[in-house]
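J.: Here is a sequence with its predicted model. Questions after.
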Amino acid sequence: MLGKTKNVLESLLVYLTSAMLAVMVCLMLWQVFTRYVLSAPALYTEELLRFTMIWMAFLGSAYAFGTRQHLALIFVVDALSGRKRLLLMLINDSVVLLFSVFILFIGGIKAVTSSMTQLSPIMRIPIGDVYMIMPITAVLIFILQLLNMAELIKEYNKNNTKPAEVI
């Protein structure tokens, strides 16, 4: 059940970030076309590209944390085994949980609420809508890290259970 939930979330993030990348390519092509062929650049494309890239980067980071592909110094973890390795990985995952709660979620909520009255210069959308990706990413990272931790513990218990003694 845990693995399936994690796979669904990760697949959703892959498809969403891929779609955003495709949208960005189309917007960039449209911007080049309107600027050089029509001699009348579409002003909204630059701002929309920037906002899409911000969202894509945040969602991509959630995917990286979920799949454990984020930037990490793994030589210490790789040097350990058994209970020590599990403990270090759980501590590392706990730090990520704390980061997602205090920096991304709480800080993101503060950024969203303080910037809802500020409008983007061209598209006139609230900047808080752009910043909304911070608490969204925090929730995704939190869920994925909890699932990672549960998988670690499950795998550790599976590999370290001793068979019942035969009498």
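T.: Structure's in. What do you need? Treat the numbers as computed from the prediction; the structure is a model and nothing was measured. Numbering: from 1, shown residues only.

J.: Show me which helix runs longest in this structure.
T.: helix 2-32 (DSSP state H).

J.: Next SSE downstream of it?
T.: As assigned by DSSP states H and E, the chain's next helix or strand after helix 2-32 is helix 44-66.

J.: just checking, what packs against that following helix?
T.: helix 2-32, helix 127-131, helix 133-159 (3 or more C-beta pairs under 8 Å, 6 or more residues apart in numbering; DSSP states H and E). (Each C-beta comes from the backbone N, C-alpha and C, glycine too.)

J.: Now render those helices as JSON lines, adding mean pLDDT.
T.: Shown next, in JSON lines, are the helices and strands packed on helix 44-66 (pLDDT from 0 to 100):
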{"stretch": "helix 2-32", "mean pLDDT": "94"}
{"stretch": "helix 127-131", "mean pLDDT": "96"}
{"stretch": "helix 133-159", "mean pLDDT": "93"}
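
J.: right, so of those, which gets closest to residue 97?
T.: helix 133-159 (5.3 Å; C-beta to C-beta).

J.: which residue is nearest the centroid of the chain?
T.: residue 62 (1.5 Å; C-alpha atoms, centre = their mean).

J.: That residue contacts residue 12, correct?
T.: No. Look at residue 62 against residue 12 with C-beta atoms under 8 Å: they stay out of range, at 10.0 Å.

J.: quick revisit: so which of the helices and strands packed on helix 44-66 is nearest residue 78?
T.: Per C-beta to C-beta, nearest to residue 78 of the helices and strands packed on helix 44-66: helix 133-159, 14.7 Å.

J.: Report the buried residues of the closest one.
T.: 133-138, 140-145, 147-149, 152, 156 (16 or more other C-beta atoms under 10 Å).

J.: how big is the angle separating it from helix 44-66?
T.: Relative orientation of helix 133-159 and helix 44-66, computed by axes from the mean of the first three to the mean of the last three C-alpha atoms, to 10 degrees: 20 degrees.

J.: by how many degrees do helix 133-159 and helix 2-32 diverge?
T.: 150 degrees.
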